[in-house]
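Student: I need the structure of the sequence given here:
(chains A and B)
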Amino acid sequence: MDKQKFYITTSIAYANAAPHIGFALELLIADSIARYQRLLGKDVYFLTGTDEHGIKIYNTAQTKGLSPQQFVDEISNEFKELASKLNISYTDFIRTTDRNRHWPAAQRVWSQLATKGDIYLGHYQGYYCVNDEAYITETDYKSGAYDNKTVIELSEDNYMFKLSNYTSELQSAIGNTLQVVPAHRGKEILNFIKDGASDVSFSRQQDKLPWGIPVPDDNNHVMYVWSDALTNYISAIGYADDETKFNRYWPADVQVIGKDILRFHAMIWPAMLTGLGLQLPRNLLVHGFITSSGQKMSKSIGNVVSPNDLIDVYGVDATRYYLLAAIPTFDDGDYSPTRMQEVYTSNLANDLGNLVSRVMTLANKNFDGIIPQTPDHHILTDESIATWHQYFEEFAIDKAIGSVWEVVRNCNAYVDATKPWELSKTDQNAANQAIVNLLHTIKQLSVLLYPIIPDTCNQIRHQIGLHPINTDTISLDSELHASLPVGHQLSTSKILFPRIET
RNA sequence: CGCGGGGUAGAGCAGUUGGUAGCUCGUCAGGCUCAUAACCUGAAGGCCGUUGGUUCGAGUCCAACCCCCGCAACCA
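Tutor: Presented below is the predicted three-dimensional model:
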């Protein structure tokens, strides 16, 4: 295997509730990057998964009368179903309850850090809610949410991780060996640790947290979230049991996360890796949150948007398009039914769908769908292709899509400018030429948009008589530049995005 | 209090090193008929948060202030 590797991860979703649209966004960002990298011919390893330990899960399972394992099996499946419904091209799905792959790796990480002296027995001081049987944060406590419950302040033995030892390493890594995208998120972290990072607790007492990975050599303790969940990124690729695989794929090229878990991924995780003597992930891509009609999504407001509902009404690709194109990749974005309808109708049905439809009809009417000549004009310029590449390399998915849409609009303008239906009355050859030029561009679009709306791209390719994109064998250059051969037969035309009335 | 982000046409956003303010959607008016009543062209619409400063000239630099959002460490 001489292909260049590309390792990309999403965060692992916490398996205590049904999938949220925010996680759909994260899956899609990662998926579009993974697909793009495959177009470049790389051997892409795309990891996602679920985080299945912790007191919340333990308690929720009890409430439902299920064992914790039964419960997380169910939830984990829901996440897998969402991923397949969204057409996510992941290559691996890691679960933190996986005792064959994950536990040994997490325990190995622990032992190595302990041997190095980075883990010590210290004290956790904080709040604990007796009713919920859960540790809570000071912020939670002060928020008022626990006013009716019994909250005690406690101090107990916990294993701590010497994050404080790694302050200077983190400071020199962020923005260099570890790129935080967008860069201002990195600044946020640097600012935060400028007076030094504090140690974090790595374990909880087994009697209070019965659902987790045992700490090596101490039965009274169970791993707390950081040492457990963060290691998924290396446990999945064989940190404990497959050195060859591990050496091939680590370090990760991109780790996609939400802004809520930035600190853990930009501080604790790189510190752990440094302690283990491993390289840091090259990029940490931080996306924002989705608001619902301008408001924070919350159950109490009742404005939570389910990714499944969107897919049911608009289809996978329209959902993918909305989340990737209409939500800025690096910032918060808004979802509203009105905007969804607008984006669907305007961009997908009118711009793209109608373009394909009108060109197919022209091709059938003018030369029975049999390609009569080769293109002589490029609507898609090399410059546009370069821009597309650049945005994908920068992970600015929304901008990459925007650059392609310019081409779509240029195609529509080109149809109107050349007027093949009029030309054909006086100069059939010129009319055919314009149509061939358009078909060639549509073929190119089916490649450029593949990372975003893969099904649609393959449908377009089917209509113009081409095989689906096969990223195992693709050569991006020839796929983009080779024209449909003279004599090539197009297939039948079909509406890509039917109008949806609401 | 502190740190980070943001305040630009009705809405959502771009605006590189300072030099006549752009894009998408929406609105209005034309054009076209190949197409999913789709497409194309044009127009209207902005004291670029406020005030002061630097400059021949600032959305773009400096200062102060106002408003919105996030973070404020164990939230899995």
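Student: rest of the way, CA atoms for contacts and neighbours
Tutor: Noted.
Student: Mind telling me which residue of chain A is nearest RNA strand B?
Tutor: Nearest residue of chain A to RNA strand B (CA to the nearest atom of the strand) works out as A:Gly353 at 2.7 Å.
Student: show me the contacts for that residue.
Tutor: A:495-497 (CA atoms under 8 Å, 6 or more residues apart in numbering).
Student: if you set the cut-off to 6 Å instead, what comes out?
Tutor: A:Gly353 is in contact with A:496-497, counting by CA atoms under 6 Å, 6 or more residues apart in numbering.
Student: same deal with the one 10 residues further on?
Tutor: Applying CA under 6 Å, 6+ apart, one finds that A:Ala363 lies in contact with A:Gly369.
Student: try it again with 7 Å
Tutor: Applying CA atoms under 7 Å, 6 or more residues apart in numbering to A:Ala363 gives the contacts A:369, A:435.
Student: Would you list the phi and psi of it?
Tutor: phi -60, psi -40 (degrees, to the nearest 10).
Student: cool, and the one 3 residues further on?
Tutor: Note on A:Asn366: its backbone torsions stand at phi -90, psi -40 [degrees, to the nearest 10].
Student: ok, back up a step: and the residue of chain A closest to RNA strand B, which of the three is it?
Tutor: Remark: A:Gly353 carries the secondary structure label helix [criterion: DSSP: H, G, I helix; E, B strand; the rest coil].
Student: Also A:Asn165?
Tutor: Following three-state DSSP, A:Asn165 is assigned to helix.
Student: any idea how far it lies from A:Asp416?
Tutor: With the distance defined as CA to CA, to the nearest Å, A:Asn165 ends up 65 Å from A:Asp416.
Student: out of these two, which sits in the busier spot?
Tutor: Each of A:Asn165 and A:Asp416 has its neighbours counted (other CA atoms under 10 Å); A:Asn165 has more, 16 against 11.
Student: Spit out the contact partners of that one.
Tutor: Residues in contact with A:Asn165 (CA under 7 Å, 6+ apart): none are found.
Student: Equivalent analysis for A:Tyr344, please.
Tutor: A:Ala318.
Student: can you pull the pLDDT of it?
Tutor: The model reports A:Tyr344 with a pLDDT of 95.
Student: And for A:Asp217, the neighbour number?
Tutor: Other residues near A:Asp217 number 8, with proximity taken as other CA under 10 Å.
Student: Could you do A:Thr115 as well?
Tutor: Neighbour count of A:Thr115, defined by other CA under 10 Å: 10.
Student: The one 3 residues further on now?
Tutor: Using other CA under 10 Å, A:Asp118 has 22 other residues around it.
Student: do the one 4 residues further on as well
Tutor: Burial measure for A:Gly122: 17 neighbouring residues, criterion other CA under 10 Å.
Student: which SS class is it?
Tutor: Applying three-state DSSP: A:Gly122 is strand.
Student: Contact partners for it?
Tutor: By CA under 7 Å, 6+ apart, A:Gly122 lies in contact with A:157-160.
Student: same deal with A:Thr10?
Tutor: Going by CA under 7 Å, 6+ apart, A:Thr10 touches A:26-27, A:30, A:47-48, A:255-257.
Student: interface residues of the stretch 401-502 of chain A facing RNA strand B?
Tutor: Proximity of the stretch 401-502 of chain A to RNA strand B, by CA under 7 Å from any atom of the strand, involves residues A:409-410, A:412-413, A:415-417, A:419, A:421-422, A:495-499.
Student: out of those, which are buried?
Tutor: A:412, A:415, A:421, A:496-497 (16 or more other CA atoms under 10 Å).
Student: export those to a markdown table and tack on secondary structure?
Tutor: Compiled in a markdown table, those are given as follows (three-state DSSP):
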| residue | secondary structure |
| --- | --- |
| A:Asn412 | helix |
| A:Val415 | helix |
| A:Trp421 | helix |
| A:Leu496 | coil |
| A:Phe497 | coil |
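Student: And the residues you listed, which two are furthest apart?
Tutor: A:Trp421 and A:Phe497 (24.1 Å; CA to CA).
Student: Now intersect the contacts of A:Thr10 with the helices, please.
Tutor: Among the contacts of A:Thr10, the members falling in helices (DSSP state H) are A:26-27, A:30.
Student: near RNA strand B too, which of those?
Tutor: Within the ones in helices among the contacts of A:Thr10, nothing lies near RNA strand B by CA under 7 Å from any atom of the strand.
Student: Counting neighbours, which of the residues you listed comes out on top?
Tutor: When those are compared by neighbour count (other CA under 10 Å), A:Ala30 ends up highest, at 28 neighbours.
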